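K.L.:
okay, sequence plus prediction incoming.
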Amino acid sequence: MNILSTAGSKAPVSDSMTRSVHWVVRMNHRNRTMSFVWVLLMLASHMWERGYGPVAWMLLCLQFLVYPHVVYFVAARSKNQLRTELGNMLLDGLMFGIWMAALKFPLWISFTLFICAGINMTVFRGAAGALLAAAVIACGTLVGAAVFGLHAEPATGTLTTSLSIATLSLYLLVVAKDAYARSVMLFQTRQQLRAKMDEVMALQQQLQEQSTQDPLTGLFNRRYLGDAMARELSRCARSGLPLSILLVDIDHFKRINDAFGHQAGDAVIVHLAQLLREHARAADVVCRYGGEEFLLLCPEMPLAAALERAQQYRTSFAAQPLQAGAVSIAVTLSAGVATFPQQGESAEALIRSADQALYRAKAAGRNRIEVASLAQ
């Protein structure tokens with residue numbers, strides 16, 4: 001029986017409504033409908049043995065066949081479905097207490113009803129739920145005793161006892177199955193969330209790299225250089241250590257672009273970037289400074305070592321012409337070298353000194369290394 005279903009053109013509305021019902025309401029409806037049938041058989045066996053009249057049988061059917069769908073109907077249409085369903089669970093306990101008293105507290109039946117109601121509340125509310133279930137069951141027994149009188153006949157027949165044990169066992173299995181299903185779902189959800197978090201972190205890392213790396217060469221860009229240079233200058237100043245920069249420029253780069261195309265020009269830039277990276281130390285920062293210009297930040301490197309390094313780059317680059325299809329492109333570079341603190345004590349001063357040295361190297365015929373003048 002599906003209380004939410006309607007006939008004819010109303011069916012799609014029912015499907016949408018069913019999908020919007022809280023999962024606790026849906027799960028309890030399924031479990032309540034199934035377990036109440038078991039409880040009905042257990043109570044029916046006892047009532048048959050005791051010879052109860054038609055009114056009792058009618059109440060039994062209403063309670064355990066109709067009631068589960070009524071409370072589902074109420075909860076499914078509630079503005080706060082979860083709160084209403086928790087109220088339904090308390091109502092279950094209250095009704096169980098009334099049935100215990102009405103049947104004169106048969107031991108196995110009372111035990112089964114008490115455990116089922118207590119476990120159901122414990123699953124959703126913890127220890128407080130168990131205490132609350134015990135309280136409402138106690139209230140139910142008081143109501144039942146007030147209506148039907150206080151009597152105690154704990155004995156049950158063999159069939160009723162067997163049905164009680166079977167009902168309790170089946171109920172515990174269903175609860176365990178649902179708990180397992182929720183645990184698996186929770187684990188899968190956590191795995192999916194972890195995968196999503198890893199994906200987000202990877203994207204954040206990628207964005208971070210894109211914000212600090214040149215897309216063509218993979219070298220650091222000027223944005224990263226500013227932070228790195230400020231940090232290293234401060235450290236070297238505190239420690240009394242030198243810091244050198246090499247400002248490197250590809251000679252006649254415009255001619256290469258005009259003669260062989262921009263793809264060949266990009267290939268020359270990538271080629272030089274690889275050369276600079278391969279021969280850099282772990283502490284060095286290699287940046288594409290702009291266009292065909294590169295800047296190497298070399299902490300703790302004195303001027304003489306920086307000049308030697310620049311000469312190595314110049315000779316290595318000139319010795320490796322670039323192949324553009326069937327054409328071999330001869331390439332050279334020029335560089336200006338400046339060292340902290342002799343040629344500048346700030347990042348701006350150092351770069352300005354290195355740029356002036358690079359300009360002199362270009363003016364002197366290119367394929368040269370020039371050292372910056374001493375800071376005034």
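P.N.:
Happy to help now that I have it.
K.L.:
quick one, helices of the stretch 201-350 of the chain?
P.N.:
222-239, 253-260, 262-278, 303-318, 347-363 (DSSP state H, counting those that start in this stretch).
K.L.:
out of the ones you listed, which is closest to Leu59?
P.N.:
Proximity to Leu59 (C-beta to C-beta) singles out helix 222-239 among those, at 78.7 Å. Glycine gets a C-beta too; all of them are placed from N, C-alpha and C.
K.L.:
tell me which other helices or strands the closest one touches.
P.N.:
On a contact count with 3 or more C-beta pairs under 8 Å, 6 or more residues apart in numbering; DSSP states H and E, helix 222-239 meets helix 158-212, strand 243-250, strand 285-290, strand 293-299, strand 333-340, helix 347-363.
K.L.:
rebuild those as TSV, extending it with mean pLDDT, mean neighbour count and distance to Phe64.
P.N.:
Listed next are those as TSV, based on pLDDT from 0 to 100; neighbours: other C-beta atoms under 10 Å; distance: least, C-beta to C-beta, whole Å:
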stretch	mean pLDDT	mean neighbour count	distance to Phe64
helix 158-212	87	13	11
strand 243-250	96	26	85
strand 285-290	94	22	77
strand 293-299	96	24	81
strand 333-340	96	28	88
helix 347-363	95	20	83
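K.L.:
and the ones you listed as a markdown table, adding distance to Arg314?
P.N.:
Putting the helices and strands packed on helix 222-239 into a markdown table (distance: least, C-beta to C-beta, whole Å) gives the following:
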| stretch | distance to Arg314 |
| --- | --- |
| helix 158-212 | 27 |
| strand 243-250 | 9 |
| strand 285-290 | 16 |
| strand 293-299 | 13 |
| strand 333-340 | 6 |
| helix 347-363 | 10 |
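K.L.:
Ala134: which of the ones you listed is closest?
P.N.:
helix 158-212 (16.9 Å).
K.L.:
which strands or helices does that closest one pack on?
P.N.:
For helix 158-212, the packing partners by 3+ C-beta pairs under 8 Å, 6+ apart are helix 23-50, helix 107-148, helix 222-239.
K.L.:
any idea of the pLDDT on Ser239?
P.N.:
For Ser239, the pLDDT comes out at 94.
K.L.:
measure it to Glu300 for me?
P.N.:
8 Å (C-beta to C-beta, to the nearest Å).
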